[in-house]
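**Student:** generate a structure from the sequence data that follows.
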Amino acid sequence: MASVILIVVYTIAPKKKVFHQIYASFVGVDSCHYDFGKITKTGETIEHQFVFTNNSKEILFISDVIAGCSCVTTDFTKNVFAQEQTAAVRVKYSPSNKKGTFRKSILVLLNDGKYYLQVSIQGFIL
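**Tutor:** Numbering: from 1, shown residues only. As a prediction, this is how the structure comes out:
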């Protein structure tokens, strides 16, 4: 008589990250929106830097920056910023010979998504 052994393996999935639960109204932003105005050189990348000031007593860090389009790339401060310190997000837009009006939103996640901010860029490509 043959015996059958059944082995059951359970895995515990890691906790999911909490994403943008609370708008970070306690973070000052030099400007939530930047308008490039009229752009004549369509083949060149244009950029703007958004600067954030921590107006809270909590230590903050930028954990991720999400742009909704492959034409937008970002680079951001990787260090923590305590009360009254600043951090920055550099946003680069590549028009790739497009014409007309563009508007792009960028979501900035702080402290592994516990807080979030939203900034945007726009312009008109001639």
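**Student:** run through the bridge partners of the nearest residue to Asp75 once chain neighbours are set aside.
**Tutor:** Nearest non-adjacent residue to Asp75, counting by C-beta to C-beta, 6 or more residues apart in numbering: Arg90, 4.6 Å away. To be clear about C-beta, it is placed using only N, CA and C from the backbone, and glycine gets the same treatment. Taking DSSP bridges as the rule, Arg90 bridges to Gln49, Asp75.
**Student:** what of Leu117?
**Tutor:** Beta bridges link Leu117 to Val108, judged by DSSP bridges.
**Student:** give the contact list for it.
**Tutor:** Tyr23, Ala24, Val27, Val29, Cys32, Phe52, Leu107, Val108, Leu110 (C-beta atoms under 8 Å, 6 or more residues apart in numbering).
**Student:** just want the most central residue of the protein.
**Tutor:** Val65 (1.8 Å; C-alpha atoms, centre = their mean).
**Student:** quick check: bridge partners of that residue?
**Tutor:** Here Val65, judged by DSSP bridges, has bridge partners Val108.
**Student:** any low-confidence regions in this structure?
**Tutor:** 1-20 (pLDDT under 70).
**Student:** can you show me the strands along it?
**Tutor:** Secondary structure of the chain (DSSP state E): strands at 22-23, 27-29, 33-39, 46-54, 62-67, 72-76, 86-93, 100-110, 115-125.
**Student:** packing partners of the first one?
**Tutor:** Here strand 22-23 is seen to pack against strand 115-125 when contacts are counted using 3 or more C-beta pairs under 8 Å, 6 or more residues apart in numbering; DSSP states H and E.
**Student:** list the buried residues for the strand it packs on?
**Tutor:** Neighbour counts over strand 115-125 (16 or more other C-beta atoms under 10 Å) mark Tyr115, Tyr116, Leu117, Val119, Ile121, Gly123, Ile125 as buried.
**Student:** next, the angle from that strand to strand 46-54.
**Tutor:** In this structure, strand 115-125 runs at an angle of 160 degrees to strand 46-54, with axes from the mean of the first three to the mean of the last three C-alpha atoms, to 10 degrees as the basis.
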